[in-house]
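*Asks:* Coordinates only, no sequence provided:
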């Protein structure tokens, strides 16, 4: 093990899910930040090995833990080979990964703007094609719902792909059209799928879309960064490069304001795991308080629209549940989601969070942080559910992502 580049390997935050491969289970691994360029499919024995890559064990300890857990022998060379491949794939927190990340960050910051990451994959890059696609979603959206008046201050929008969520996007943004046209500034809280515990992550880069560039309000970003500390505020800035949650909202927003786009403040929100699993309360978190105070102060007097780019539940085998969701499970999920949406429409951030903490976020509400911070920023708000859907998340239809659109006054 002399000179081995990763003495005590630690697995980075990754998207991990089990897939069926011709009757056998395999583990799918993907880096949501996009720094690791490729996905990996690994057999169960490697998945067991990954569980011991916690940064505390050296290779010998990983080998011993694996043999104790499985009862199967493994050589040190086999362990070393697996770790080496993980490091080469940039799945480990290692010097190799840090060097690649730093280079990517420098390239991101020096670019003219943040280019779309999902163009021609999730949506067409040609504006006319994209407009035609949005028109199809408009036609499929619930017929009810005219645009609300200018008193609207907040929007909960999905961040799922348009192919599954398009009608809910369309219904939501149609209802918010007047507020979108009148907004001077749009603050977007988006889920950071690879974000650290309790992180809020800023960027000075402007988001480009097929319709041009949405300018980032750098003066607002800098005020918030000063309030929470620049090192903390930009520590995970590279996540903006590939994270889809804010991007999918900015594209829809820009479509509605192509002539004179508003300034935008894109804020990625990391995991609330420490709050839902522990005794800490986000309401007493000083960093959140400083961020929200700074946002209110620097935007005072401006016409501000706040958007949470947020999906709801992620359930079923694709997300780690033991069995597929059946019709009765779907009904129970809808009921639980309805209760959660009730707290949102009441503008009650504490009740919204309290429901999820009580169940230890069993539904995996990936929009928890952006919705919570949106409600905290708005304060005394009242809302209306525009639409709700349960979208398939695997080929068998037993895994689901629930989504909703909400407008808040």
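*Replies:* Cool, got the structure. As the structure is a prediction and not an experimental result, all values here were calculated from the model.

*Asks:* alpha carbons only for contacts and neighbour counts from here, please
*Replies:* Will do.

*Asks:* Pull the residues that contact the host helix or strand of residue 105.
*Replies:* Residue 105 is part of helix 95-110, with elements assigned from DSSP states H and E. For helix 95-110, the external contacting residues (Cα atoms under 8 Å, 6 or more residues apart in numbering) are 5, 35, 87, 88, 90, 91, 114, 205, 237, 238, 241.

*Asks:* In contact with the third one: list those residues for me.
*Replies:* Going back to what we said before, that points to residue 87. Applying Cα under 8 Å, 6+ apart, the residues near residue 87 are 6, 94, 96, 97.

*Asks:* contacting residues around residue 93?
*Replies:* Counting by Cα under 8 Å, 6+ apart, residue 93 has contacts 9, 10, 11, 12.

*Asks:* So which of these is surrounded by the most neighbours?
*Replies:* residue 9 (25 neighbours; other Cα atoms under 10 Å).

*Asks:* Is it correct that that one is in contact with residue 82?
*Replies:* No. With contact defined as Cα atoms under 8 Å, residue 9 does not reach residue 82; the gap is 10.9 Å.

*Asks:* which one of the contacts of residue 93 is nearest residue 68?
*Replies:* Closest approach between the contacts of residue 93 and residue 68, by Cα to Cα: residue 9, at 18.8 Å.

*Asks:* What separation do you get for the closest one and residue 27?
*Replies:* As judged by Cα to Cα, to the nearest Å, residue 9 and residue 27 stand 19 Å apart.

*Asks:* which of the contacts of helix 95-110 has the most neighbours?
*Replies:* residue 91 (26 neighbours).

*Asks:* give me every residue that touches the spatially closest residue to that one that is not a sequence neighbour.
*Replies:* In this structure, residue 91 finds its nearest non-sequential neighbour in residue 12, 5.7 Å apart by Cα to Cα, 6 or more residues apart in numbering. Residues counted as contacts of residue 12 (Cα under 8 Å, 6+ apart) are 91, 92, 93.

*Asks:* Make CSV out of these and add distance to residue 63 and secondary structure.
*Replies:* Formatted as CSV, these follow (distance: Cα to Cα, whole Å; DSSP: H, G, I helix; E, B strand; the rest coil):
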residue, distance to residue 63, secondary structure
91, 19, coil
92, 17, strand
93, 19, coil
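
*Asks:* Out of those, the closest to residue 181 would be?
*Replies:* residue 91 (42.7 Å).

*Asks:* wait, doesn't that closest one sit right on residue 35?
*Replies:* No. Using Cα under 8 Å, residue 91 is not in contact with residue 35; the gap is 9.2 Å.

*Asks:* can you pull the contacts of residue 81?
*Replies:* Residues in contact with residue 81 (Cα under 8 Å, 6+ apart): none are found.

*Asks:* Next: residue 368.
*Replies:* Taking Cα under 8 Å, 6+ apart, one finds 272, 310, 312, 353 in contact with residue 368.

*Asks:* And these, which is closest to residue 124?
*Replies:* Using Cα to Cα, those come closest to residue 124 at residue 310, 21.9 Å.

*Asks:* what's the distance between the closest one and residue 365?
*Replies:* Applying Cα to Cα to residue 310 and residue 365 gives a distance of 9 Å.

*Asks:* who has more neighbours, those two?
*Replies:* residue 310 (27 against 20).

*Asks:* So which residues of this protein form strands?
*Replies:* Along the chain, counting by DSSP state E, strands occupy 15-21, 24-30, 40-42, 154-157, 185-191, 200-201, 207-209, 212-214, 263-269, 304-309, 314-315, 383-392, 400-408.
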